[in-house]
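K.L.:
One predicted model, sequence on top.
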Amino acid sequence: MQAAVRCEWCGSDPLYVAYHDQEWGMPSHDDAHLFEMLILEGQQAGLSWITILKKRENFREALDGFDPERIARFTPARIEKLMGNTGIIRNRLKLNAAVKNARAFLAAQEAFGGFDRYLWSFVNGQTIQHRFQSLAELPATTSGSDAMSRALKQRGFTFVGSTICYALMQSVGMVNDHLVDCHRYAAIYALGNTPNLPP
């Protein structure tokens, strides 16, 4: 049996391969998952994604299951405790950003009737289908991620620069950046080719 062709960035690490095959690029409209990815992409800044993946479950435990309502109530004392947690990225700015982003997330949910509705409005509710043939073609930012970054910052989010926003768009399927010869490309194309923006 011929081995599945994958985007080469995931290498051969089983955790990375599973993330590539099962999650990356899948159109996500679940607010809980969107918030988790927003937090994790912010934690990644300056680091490799595999580093974050390996610490993901530690983050889940440390951040109360990525519950935005609970994180929004974290106190300076709770942040100080997290700074002693060797299982996560001990960066005070990033941890404080998680709290600030939880509050901004809850405000956006209330203002737009759901974070999914708000976030996906930047792509008109439908996955942008790219047809990249090599990793060299993948952009780090786009005009869409620029716009998202500006809008999120205006709503009080932080650690949401354009590069982080584009990585978020890739991870939650707002763009299909699987290479065309990747075995996941067609499946993501089919899933993302139907408008999902609520009326």
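P.N.:
Received it, and whenever you're ready, just let me know what you need.
K.L.:
Apart from its neighbours in sequence, what residue is nearest G173?
P.N.:
Excluding its sequence neighbours, the residue lying closest to G173 (C-beta to C-beta, 6 or more residues apart in numbering) is P27, at 3.5 Å. (Glycine included, C-beta is placed from N, CA and C.)
K.L.:
now swap in L82 and tell me
P.N.:
L95 is the one closest to L82 (C-beta to C-beta, 6+ apart), at 5.4 Å.
K.L.:
Could you tell me which residues make contact with the one you found?
P.N.:
Counting by C-beta atoms under 8 Å, 6 or more residues apart in numbering, L95 touches 79, 82-83.
K.L.:
what about it, which SS state?
P.N.:
Using DSSP: H, G, I helix; E, B strand; the rest coil, the structure places L95 in helix.
K.L.:
For R60, see how far away it is.
P.N.:
Going from L95 to R60 by C-beta to C-beta, to the nearest Å gives 15 Å.
K.L.:
which residues of this structure fall in strands?
P.N.:
128-129, 175-176 (DSSP state E).
K.L.:
Can you tell me which of the ones you listed is nearest to A140?
P.N.:
strand 175-176 (12.5 Å; C-beta to C-beta).
K.L.:
Contact partners for D64?
P.N.:
D64 neighbours (C-beta under 8 Å, 6+ apart): 70-71.
K.L.:
residues near the residue nearest to G173, how many?
P.N.:
For P27, the tally of surrounding residues (other C-beta atoms under 10 Å) stands at 19.
K.L.:
One more: L40?
P.N.:
L40: 23 neighbours (other C-beta under 10 Å).
K.L.:
surely it meets K55?
P.N.:
No - using C-beta atoms under 8 Å, L40 makes no contact with K55, being 9.1 Å away.
K.L.:
sorry, back to before: touching, the residue nearest to G173 and L191? I think so.
P.N.:
Yes - between P27 and L191 there is a contact at 5.3 Å, judged by C-beta under 8 Å.
K.L.:
Residues that sit against both of the two, list them.
P.N.:
127, 173.
K.L.:
are any of the contacts of L95 buried, and which?
P.N.:
When the contacts of L95 are checked for burial by 16 or more other C-beta atoms under 10 Å, the buried set is L82.
K.L.:
Now render the contacts of L95 as TSV, adding pLDDT.
P.N.:
Shown next, in TSV, are these (pLDDT from 0 to 100):
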residue	pLDDT
I79	98
L82	98
M83	98
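K.L.:
Figure out how far the lowest-mean-pLDDT helix or strand in the chain is from the centre of its chain.
P.N.:
When the helices and strands of the chain are scored by mean pLDDT, DSSP states H and E, helix 185-192 comes last with a mean of 88. Mean-position distance between helix 185-192 and its chain equals 18 Å (C-alpha atoms, centre = their mean, to the nearest Å).
K.L.:
Begin at 17, not 1, for the rest of this chat.
P.N.:
Understood, numbering begins at 17; the last thing we discussed is helix 201-208.
K.L.:
which residues are contacting it?
P.N.:
So helix 201-208 is contacted by 41-43, 142-143, 145, 189, 192, 194-195 (C-beta under 8 Å, 6+ apart).
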